[in-house]
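K.L.:
Quick one: sequence and predicted model below, then my questions.
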Amino acid sequence: MLRKVCAGLLLLVLVALPSFAAGQDMFPGQWWRLPQAGEMFGLTEKQKLQLDDLYFKNRRNLSALKKALENERARFSAVMEREPLNEAAVMAQFGRLEEARTQLSAERVHYILELRKLLGQERFQRVKTYFSKLRDKKSKMTGTYSPYPTKKRGVIMSPWGITIQRR
């Protein structure tokens, strides 16, 4: 029994890790709640509350869209494994999978647009630059630093040879 529970937990972790990695946003978490953020970016309490509202609304939407994407991935795998292979069904399911990815990407862009409108151009650029420098510093410290952007980041090859872009 314990072995089954441990195996189930391990499977859950292995399934969940790619989702967490894919969920990393341009601006991680509730950065505006850091004590130094208020003075560093000149945020008022009202703006912090607006950012809270935007963040939680976005989290709910992203969660639902990620779940829909995972469901479409599972359906795609099931269609690919069926015998006899139904090419039309595979292509139709692939279209639904891509639509789910597009909706998830659109929601992420919508969040960034709302963030940009709320912060204004100058402050948005300051926040963006700050987190870009943090990412660069972190990648240098972990040894993953490269002065050139990599196109392979987040790319996965499926068992069928299809390149899947993780977002």
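P.N.:
Yep, that arrived.

K.L.:
Just give me the neighbour total for Leu134.
P.N.:
Residues lying near Leu134 (other CB atoms under 10 Å) number 12. The way it works is simple: take the backbone N, C-alpha and C, and place the C-beta from them, glycine included.

K.L.:
let me fix that: Leu43
P.N.:
When neighbours are defined as other CB under 10 Å, Leu43 has 19 of them.

K.L.:
ok so it is a helix residue?
P.N.:
No - applying DSSP: H, G, I helix; E, B strand; the rest coil, one finds Leu43 to be coil, outside a helix.

K.L.:
quick one: low-confidence ranges for the chain?
P.N.:
The chain contains residues with pLDDT under 70 at 1-28, 143-167.

K.L.:
List the buried residues for stretch 87-105?
P.N.:
Neighbour-count burial for stretch 87-105 flags Gln93, Leu97, Ala100, Arg101, Leu104 (criterion: 16 or more other CB atoms under 10 Å).

K.L.:
Oops, could you answer that again for stretch 30-40 instead?
P.N.:
Within stretch 30-40, the residues scored as buried using 16+ other CB under 10 Å are Trp31, Trp32, Ala37.

K.L.:
quick one: the last one is in a strand?
P.N.:
No - applying three-state DSSP, one finds Ala37 to be helix, outside a strand.

K.L.:
Surely it and Trp31 touch.
P.N.:
Yes - judged on CB atoms under 8 Å, Ala37 makes contact with Trp31 at a distance of 5.9 Å.

K.L.:
measure Trp31 to Tyr130 for me?
P.N.:
Distance, Trp31 to Tyr130, using CB to CB, to the nearest Å: 9 Å.

K.L.:
Then Arg84 would be within a strand, right?
P.N.:
In this structure residue 84 is Pro, not Arg. No - secondary structure assignment (three-state DSSP) places Pro84 in coil, not in a strand.

K.L.:
For it, give me its contacts.
P.N.:
If a contact means CB atoms under 8 Å, 6 or more residues apart in numbering, then Pro84 has no contacts.

K.L.:
So it versus Val90, what's the distance?
P.N.:
In terms of CB to CB, Pro84 sits 11 Å off from Val90.

K.L.:
What's the local residue count around Glu72?
P.N.:
19.

K.L.:
Okay, and it sits in which element?
P.N.:
Assessed by DSSP states H and E, Glu72 sits inside helix 45-81.
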